[in-house]
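**Q** Fold the stuff below for me.
(one chain, ligands or ions: 2)
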Amino acid sequence: MSLEKAGGRFCSGKRASLPAQRPFPVIQKVVASMAHLQEEKLRLQEEVLALQEKLAARESEEIAVSVQLRGQVENLKVNLREQAQEIGRLRSEMGGTDAEKHRDLLVAENERLRQEMKAHEGELRELRRQQAACQDCTHLQENAGLQERLCQLQREAEEARVKLVELELEVQQKTNRLAEVELRLKDSLAERAQEEERLSRRLRDSQETIASLRAQPQQIKYIIKTVEVESAKAKQALCESQSRNQYLQEQVGMQRQVLKEMEQQLQSSQKTAAQLRAQIAMYELELERAHGQMLEEMQVMEDEKNRAIEEAFSRAQVEMKAVHENLAGVRTNLLTLQPALRTLTHDYNSLKRQVRDFPLLLQETLRSARAEIGQAIEEVNSTNRELLRKYRRELQLRKKCHNELVRLKGNIRVFGRVRPITKEDGEGPEAVSAVTFDADDDAVLHLLHKGKQVSFELDKVFPPQASQEEVFQEVQALVTSCIDGYNVCIFAYGQTGAGKTYTMEGTSTNPGINQRALQLLFSEVQSKAADWDYAISVSVAEIYNEALRDLLGKEPQEKLEIKLCPDGSGQLYVPGLTEFSVQSVEDINKVFEFGHVNRVTECTNLNEHSSRSHALLIVTVRGLDRSTGLRTTGKLNLVDLAGSERVGRSGAEGSRLREAQYINRSLSALGDVIYALRSRQGHVPFRNSKLTYLLQDSLSGDSKTLMMVQVSPAEKNSSETLCSLKFAERVRSVELGPVSRKAELVSWPSQEQLEGDLPGSSSRSHASSSPGLPSSRATSIRRKLQTSGKLRLVPV
Ligand code: ADP
Ligand code: MG
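**A** Residues are numbered from 1 along each chain as shown. Ligands and ions are numbered 1, 2, ... in the order given. Here you go, the predicted structure:
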C-alpha cells in the first residue's frame, strides 16, 4: 500500500514538468525495486496459502484417521462388553469350572485392556485438543501479515517446505502403518468374536447335552465325561485365546509406541513451524523497518527533487529574462544594422562587378608586367655582359700586374732557414752555433767560418726559433698563385741534416710546407667554390741516380721516362706517372703514407737513401670559372732535394761515389737552369738533369720558384753551411731584366767550384766571387741595380 503510494508520488504531474535533461535515476531505481518486491511478496503469499492448504488437508487426514481409530476402539469395547456378558452368562450357566476361571482371567484382562484403551482415548483427545489449539493459533492468522517478510527468506522458506514435505511423507508412512495395525486388530477382534461365538455355541450345546444327560443319568455320566473332556478342550481354547489376547496386547503396545513417536514427530514439526513463524515475524519486522526507511528516503528525495525543480525553474526564469533582454538588444541592433547591410550589399555588388572585370584587368596588367620584366631582364643581361667583359679585362690586367710584380720582385726567390742546434750536433765547441743574425734586417745572416765572419743577404732568413707556421706564411702567396694557374716550384736545398725534410714534410704534430700547402689549397678552393670548379690531383716521385720512379705506382722500382706530348704543344709528360685525385686533407695523408711505404720497401736504409735522392710532390690544380668558362691549370712542385754535402771530396768509391756524382750533377744543373732563367738566357739547359727536365714547365715562363736553403748552425758544419749559403746567394744575385740577358756567358759554378770559393776573398761582392762572371760586368750590373733600387747590397 505504502509502496503504491510512494510510486504514485513519483508519477505525479511535477515529474512530467521536469526538464527532459534532468531525470531522477535514483527514484526510478527505487520504484523498480519496490515493484519487484511487490511481485515477490505476492508470489510468497501464494506459496504460503498453498502450504496452509496442504497443512489443513494433512490435519483433516489425521482427524479422519483418529476418528477411524476411535470407531475401531468403540467396536472393540462393544465386542468386549458382549464377550464379558457372554462369559458371565456362561459362568452363571456352568458354575465355577476351569473354563469359568479362564473366562474370569480373560475378563480381567479385558478390563485392563479397556482401561488402557480409555487412557489411549484420553491421550487422543488431548492430541486433538492440541491440534485444535494449534489450528486456532493466532500465529496462523498473523501469517498473512508475516508473509511479506518471506520475500527476504526465500531460501529458509524453501528449506522449511522441504522439511514439511519430509514430515508429511513420514506422517503418511505412519498413517499407513497405523491403518495396517488397525486392520490387523480388526481381524484379530473378528477372529476373537468368531471364536467366542463358536465357544458360546458349543457351551450352549454342552448345556443342552448336560440337561439331556441329567434326564438320562447313564447318559449323564457319559456326557459329564464328554463335558469334562470338552471342558479340557475349552480350557485349551481359552489358553489359545489368552495367547491371542497376549499377542493383541503386544500389538496394541506397539501401536501405542508408534503413536508416541508420531506425537513426538508432530511436536517437533510444530516446534519447527513455531520457529519458522518466529523467523517470519522477525523478517516482517525488518521489512517494516526497511520499508519505513525507504519511505523516509523517498520523502527526502522527493523534497530534494522539488527543491531542484524549484531552483531550475527560478534559474530558467532568470535565464529567460536575460534571453529576452538579449533579444531586445538584438532587435535594436538589427534595426541599426539594416542601413549598414544596405551599404554592404551595395559594396558587395560593386565588388562583384570588379571581380567580373578582374581577369581582364589582370591579363592586361600581366602583359604589361611581362613586357617590363622582359625589358628589365634584357637590361640586366646587357649589364651582365658588360660586367663580364670588364671582369675578364680586369682578370687579364690583374694577371699582367701580378706578373709585373713578380717580375719586379723576382720570380725566383731565395730564403734561408737555420735549424736549431740539436743533440745530434753533440757537445763542446764544435756544437756551438756559428751563425748569427742581423737584428735590423731579416734578410741577412752572418757565418763565423774559420775565425772569420762572412755575411750573406738573401730574400729572407728564418732563424732557428722560426716556426713552421711562420715559414709557411712567407710561402703561402706562392701556393695560392697555383690556383690562379701559375706553376710553382719550392726546393729545399742543403746538406744532409740541415732540416730540408723538416721544412718540407715536418712532423705529424707540426707539419711542414707540403701538408700546409695542400690544406691551404683546399680551403682556397672551397672559398671560391661559388664561381669555380676545381680538381686537385697529386703525384709522388723520386729521382735517384738520375732515375725517375713513381712512388704511387704499382711498380715503384720501374724507371719512368719524360717525353714530349705528341700533340705538338711542346709540353712534357711522364707516361705511367700515377696521379691521384684528392678531395680532402685526409686523402693527402693517405697518399703521403702510400708514397712513404713504397719508398721504405724499396730501400734498406731510408735515411741514407732519402738524403741521396730528390723527393717530389707534384700537385696539379685544374680550375673552371663557371661564369666565364675560363680554364686554368697550375702546378705546385714541392721538392726535397738530395743532400748537397761534398761526398766526392772525401774519397768515396763505387756506388757511393756514383751517387755523389749524380747528386752533384743534378744540383749543378738546377743551379744552371735557375741562373739561365733569372738571367733570361735564350737557352736554358733543362735537359742536363732529370730533375730540371721534369720541372721544365714549372721553372720556365711566368712560373715562380722558391729556393729554401737549409743550414745547420753548428760550428762543425760551417764549411757545408758556407757552400749552401754561397749557392743561395749566387742564385739570388743573378740579375733580372734586360741587362741580365747580356750575361748569357755567365755559367753556374759547379759544386767543386763552390767548395773552392771559400772565405778569404770578398764574399760580400758576389759578382767578383763568381769565377765565371767578369768583375767589370758584375760591377756594372750591381751599379745598375743599385740605381734602380732592385738590389740591396750588404756593406762589407
Ligand atoms: P735533412 O732532411 O736536411 O737531412 P732533417 O729535416 O731530417 O734534415 O733534419 C735533421 C734533424 O734536425 C731532424 O731531427 C729534425 O727534426 C731536426 N730539425 C731540422 N730543422 C729543424 C727546425 N727548424 N726545428 C727543430 N728541429 C729541426
Ligand atoms: Mg731529408
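**Q** Around the residue of the chain found nearest ligand 1, count how many other residues there are.
**A** Relative to ligand 1, the nearest point of the chain is G499 (2.8 Å; CB to the nearest ligand atom). For every residue, glycine as well, the C-beta is placed using N, CA and C. Per other CB atoms under 10 Å, the neighbour tally for G499 reads 22.
**Q** gap between it and ligand 2?
**A** The spacing between G499 and ligand 2, counted by CB to the ion, to the nearest Å, is 8 Å.
**Q** Could you number the chain from 840 rather than 1 from now on?
**A** Sounds good: first residue 840 from here, last item G1338.
**Q** confidence score at that residue?
**A** Listed pLDDT for G1338 reads 95.
**Q** The closest residue to S1039 other than its chain neighbours is in what secondary structure piece?
**A** Of all residues not flanking S1039 in the chain, E925 sits nearest, at 5.3 Å (CB to CB, 6 or more residues apart in numbering). Assigned by DSSP states H and E, E925 belongs to helix 864-933.
**Q** helices and strands around that helix, which ones?
**A** Contacts of helix 864-933 with other secondary structure elements, assessed using 3 or more CB pairs under 8 Å, 6 or more residues apart in numbering; DSSP states H and E, are made with helix 841-849, helix 937-974, helix 977-985, helix 993-1054, helix 1056-1248.
**Q** Now with 7 Å, please.
**A** In this structure, helix 864-933 makes packing contacts with helix 841-849, helix 937-974, helix 993-1054, helix 1056-1248, judged by 3 or more CB pairs under 7 Å, 6 or more residues apart in numbering; DSSP states H and E.
**Q** which of those has the lowest average pLDDT?
**A** Considering the helices and strands packed on helix 864-933 one by one, the lowest average pLDDT is found for helix 841-849, at a mean of 37.
**Q** Flag every residue of this protein that's near ligand 2.
**A** Counting by CB under 5 Å from the ion, the residues of the chain close to ligand 2 are K1339, T1340.
**Q** re earlier: mean confidence score for the helix holding E925?
**A** 77.
**Q** angle of that helix against helix 1056-1248?
**A** Using axes from the mean of the first three to the mean of the last three CA atoms, to 10 degrees, one finds that helix 864-933 and helix 1056-1248 are set 160 degrees apart in direction.
**Q** distance between helix 864-933 and the chain's centre?
**A** Offset of helix 864-933 from its chain centre (CA atoms, centre = their mean, to the nearest Å): 84 Å.
**Q** Show the end-to-end separation of stretch 1528-1541, please.
**A** End-to-end span of stretch 1528-1541 (CA to CA, to the nearest Å): 21 Å.
**Q** The residue most central in space within the chain: helix or strand, and which one exactly?
**A** Of all residues in the chain, the one closest to the mean position by CA atoms, centre = their mean is E1425, 38.0 Å from it. Under DSSP H and E, the secondary-structure element containing E1425 is helix 1424-1441.
**Q** now for that helix, which elements pack on it?
**A** The helices and strands touching helix 1424-1441, judged by 3+ CB pairs under 7 Å, 6+ apart, are helix 1352-1366, strand 1371-1383, strand 1419-1421.
**Q** Look up how far A1117 lies from R1016.
**A** Using CB to CB, to the nearest Å, we find R1016 at a distance of 32 Å from A1117.
**Q** I should have written R968 there, sorry.
**A** Going from R968 to A1117 by CB to CB gives 23 Å.
**Q** Output the helices and strands packed on helix 864-933 in a markdown table; the columns should cover mean neighbour count.
**A** Listed next are those as a markdown table, based on neighbours: other CB atoms under 10 Å:
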| stretch | mean neighbour count |
| --- | --- |
| helix 841-849 | 15 |
| helix 937-974 | 15 |
| helix 993-1054 | 14 |
| helix 1056-1248 | 13 |
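**Q** Reformat these as TSV; add distance to D1479.
**A** Output for those, formatted as TSV (distance: least, CB to CB, whole Å):
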stretch	distance to D1479
helix 841-849	113
helix 937-974	139
helix 993-1054	114
helix 1056-1248	24
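**Q** quick one: which of those helices is nearest V1314?
**A** Checking those against V1314 by CB to CB gives helix 1056-1248 as the closest, at 13.6 Å.
**Q** Kindly export the following helix or strand past the closest one (C-alpha atoms) in PDB.
**A** Per DSSP H and E, helix 1056-1248 leads on to strand 1251-1257 as the next helix or strand towards the C-terminus. Backbone C-alpha positions of strand 1251-1257 (Å, rounded to 0.1, in the frame of the first residue of the first chain) are rendered in PDB as follows:
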ATOM      1  CA  ILE A1251     113.000  33.200 -58.300                       C
ATOM      2  CA  ARG A1252     113.300  33.900 -54.600                       C
ATOM      3  CA  VAL A1253     115.800  32.500 -52.200                       C
ATOM      4  CA  PHE A1254     115.100  32.000 -48.500                       C
ATOM      5  CA  GLY A1255     117.400  30.700 -45.900                       C
ATOM      6  CA  ARG A1256     116.400  28.700 -42.800                       C
ATOM      7  CA  VAL A1257     118.700  27.900 -39.900                       C
END
